[in-house]
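J.: got a predicted structure here, sequence first:
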Amino acid sequence: MVNSKNSYDNLKEVIVGRELELNERIIDFTFKHFYKTNLNHSVYEQEKYSIKKDILQKRIHDLDNLSNIISSHGVKVYRPDVVDKVYQVKTPQFTSELSSASNVRDLSIIIDNKIIETPTYVTGRYFENQSLYRIFNLISDGNSQWINAPKTIITEDTIDLDDWDKKRDYTRDMSEFTMAIDGAQFLRMNDDIIVNVSSYNHYLGFQWVKSFFPDKVFHQISVIDNHIDGAIVQLSENSFLISPLYYDILVKQLPWLKKYNLIVPDEYTPRSVKNKINLDGQLASSLGMDINVLSLNDKTVLVNDEANGTITALERNGFTVVPVELDNCEIFGGGIHCSTLDTLRI
């Protein structure tokens with residue numbers, strides 16, 4: 001069974017990601033562009049990067065532990081297939097290496113009874129969702145739909161490589177671009193959906209997803225380079241958790257947010273990633289990981305145990321916090337929310 005229309009109804013079934021069990025990772029232009037905000041210029045001279053083996057093993061352990069914690073709350077947990085060796089990915093346009101379904105929130109989104117596989121523009125992730133097909137086959141039934149995005153053409157000519165905050169004209173001819181958007185760019189609010197659109201690729205991907213939901217109201221914003229679950233998450237019908245870094249731009253673009261209870265953490269301390277990875281920069285913002293939480297219901301929230309400001313703010317607002325040890329989220333490009341995909345909420 002598949003059904004999920006928001007991020008706070010009672011969680012019954014969820015997918016928890018598995019980290020790629022290889023410490024060496026490939027870098028190409030799509031990787032550099034996708035993580036551009038968090039990388040330094042010297043990365044553009046690299047073709048690969050590596051993660052220390054003990055850091056990788058700790059991440060694998062932490063994801064297993066996350067799965068166990070969620071299971072202990074009566075939630076059924078699915079896990080993707082393991083990717084522990086190099087698989088070459090080859091299309092007419094590029095050659096890359098297969099990633100694993102670690103940040104399972106990225107390339108899929110559940111809206112109502114539909115599984116939507118979104119079109120990626122990171123080449124190594126092109127076939128990543130095959131690690132989830134066993135699960136999608138299992139949970140699909142006669143009342144659900146499984147929709148796979150077209151196999152897009154990824155080249156430097158089909159990707160909008162300008163900075164995300166450059167002004168764009170979405171009424172222009174965009175036929176030169178390929179559609180590309182991640183599930184983590186959508187925030188589901190039952191009949192309303194917020195979507196972050198910061199490139200021509202995003203806009204095309206957004207329009208494709210939107211076409212399946214003619215009765216939904218979509219609120220298009222542009223507040224960050226891609227994913228918004230490090231900026232804003234809905235915790236209940238009346239409450240949102242918002243990063244202080246994005247509060248002003250969010251309420252400016254979505255002024256109706258002010259009618260809700262907006263929880264903004266006071267303490268916000270970036271964590272170091274030095275000496276853990278031979279990459280000049282990081283894949284995700286350490287500050288965004290403090291907002292990257294998962295609700296079990298509208299009163300109970302899983303939070304990174306290092307996110308002290310978020311924990312304090314949530315408890316002050318009456319939420320029960322379940323601390324979770326998920327280290328080095330900045331290195332692996334995802335926190336608790338990124339690493340999970342809720343497939344059934346009732």
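T.: Thanks, I have the structure now. Remember, predicted model here, so these are calculated numbers, not experimental data.
J.: avg pLDDT for the lengthiest helix in the chain?
T.: Secondary structure of the chain per DSSP state H: the longest helix is helix 53-72. For helix 53-72, mean pLDDT is 97.
J.: next: stretch 21-35.
T.: Averaging pLDDT along stretch 21-35 gives 94.
J.: mind saving the C-alpha coords of it as PDB?
T.: Listed next in PDB are the C-alpha coordinates belonging to stretch 21-35 (Å, rounded to 0.1, in the frame of the first residue of the first chain):
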ATOM      1  CA  GLU A  21      29.900   0.800   0.500                       C
ATOM      2  CA  LEU A  22      32.800   2.300  -1.500                       C
ATOM      3  CA  ASN A  23      35.000   5.000  -0.100                       C
ATOM      4  CA  GLU A  24      36.100   6.400  -3.500                       C
ATOM      5  CA  ARG A  25      33.500   8.500  -5.300                       C
ATOM      6  CA  ILE A  26      33.500  10.000  -8.800                       C
ATOM      7  CA  ILE A  27      33.300  13.700  -9.600                       C
ATOM      8  CA  ASP A  28      31.900  15.100 -12.800                       C
ATOM      9  CA  PHE A  29      30.300  18.400 -14.000                       C
ATOM     10  CA  THR A  30      26.900  17.400 -12.700                       C
ATOM     11  CA  PHE A  31      28.200  16.600  -9.200                       C
ATOM     12  CA  LYS A  32      30.100  19.900  -9.200                       C
ATOM     13  CA  HIS A  33      27.100  21.900 -10.300                       C
ATOM     14  CA  PHE A  34      24.600  20.100  -7.900                       C
ATOM     15  CA  TYR A  35      26.800  20.700  -4.800                       C
END
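J.: how far does that stretch sit from its chain's centre?
T.: Distance of stretch 21-35 from the chain centroid (C-alpha atoms, centre = their mean, to the nearest Å) equals 16 Å.
J.: buried residues, that stretch. List them.
T.: Going by neighbour count (16 or more other C-beta atoms under 10 Å), the buried part of stretch 21-35 is Leu22, Arg25, Ile26, Ile27, Asp28, Phe29, Thr30, Phe31, Lys32, His33, Phe34, Tyr35. From N, CA and C alone the C-beta is placed, and that goes for glycine too.
J.: now what about stretch 235-247, what contacts it?
T.: 7-8, 223-224, 230-234, 250, 257, 260-266, 268, 287-288, 290-291, 293, 295, 298-299, 301, 310, 313-314, 317, 319 (C-beta atoms under 8 Å, 6 or more residues apart in numbering).
J.: can I get the buried part of the residues you listed as one ChimeraX selection?
T.: Selection of buried members from the contacts of stretch 235-247 for ChimeraX, criterion 16+ other C-beta under 10 Å:
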select :7,8,223,224,230,231,232,233,234,250,257,263,264,265,268,287,288,290,291,293,295,298,301,310,313,314,319
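J.: what does the pLDDT read for Gly281?
T.: Per-residue confidence at Gly281 stands at 81 (pLDDT).
J.: could you do Thr171 as well?
T.: pLDDT, Thr171: 98.
J.: widest-spaced pair of the buried residues of stretch 21-35?
T.: Spanning the widest gap among these are Leu22 and His33, at 22.3 Å by C-beta to C-beta.
J.: excluding chain neighbours, what is closest to Tyr44?
T.: Lys32 (5.9 Å; C-beta to C-beta, 6 or more residues apart in numbering).
J.: you'd agree the one you found is in a helix?
T.: Yes - assignment of Lys32 by DSSP: H, G, I helix; E, B strand; the rest coil places it within a helix.
J.: does it touch Glu45 like I think?
T.: No - using C-beta atoms under 8 Å, Lys32 is not in contact with Glu45, being 10.3 Å away.
J.: secondary structure class for Ser131?
T.: Per three-state DSSP, Ser131 ends up helix.
J.: ok, which stretches of the stretch 51-200 of the chain are helices?
T.: Secondary structure of the stretch 51-200 of the chain, counting by DSSP state H, counting those that start in this stretch: helices at 53-72, 133-139, 200-210.
J.: closest to Val86 out of those helices?
T.: Nearest of the helices of the stretch 51-200 of the chain (C-beta to C-beta): helix 53-72, 14.7 Å.
J.: buried sites along the closest one?
T.: Neighbour counts over helix 53-72 (16+ other C-beta under 10 Å) mark Ile55, Leu56, Lys58, Arg59, Asp62, Leu63, Leu66, Ser67, Ile69, Ile70 as buried.
J.: can you list the weak-confidence ranges in the stretch 101-250 of the chain?
T.: Applying pLDDT under 70 to the stretch 101-250 of the chain flags no residue at all.
J.: show the contacting residues for Gln220.
T.: Applying C-beta under 8 Å, 6+ apart, we find Gln220 in contact with Val195, Val197, Phe206.
J.: closest to Asp163 among these?
T.: Val197 (14.3 Å).
J.: assess the claim that that closest one and Ile221 are in contact.
T.: Yes - with contact defined as C-beta under 8 Å, Val197 counts as touching Ile221 (7.3 Å).
J.: would you list the phi and psi of Ile277?
T.: phi -150, psi 140 (degrees, to the nearest 10).
J.: could you do Asn304 as well?
T.: phi -60, psi 130.
J.: that one: neighbouring residues, count only.
T.: Using other C-beta atoms under 10 Å, Asn304 has 22 neighbouring residues.
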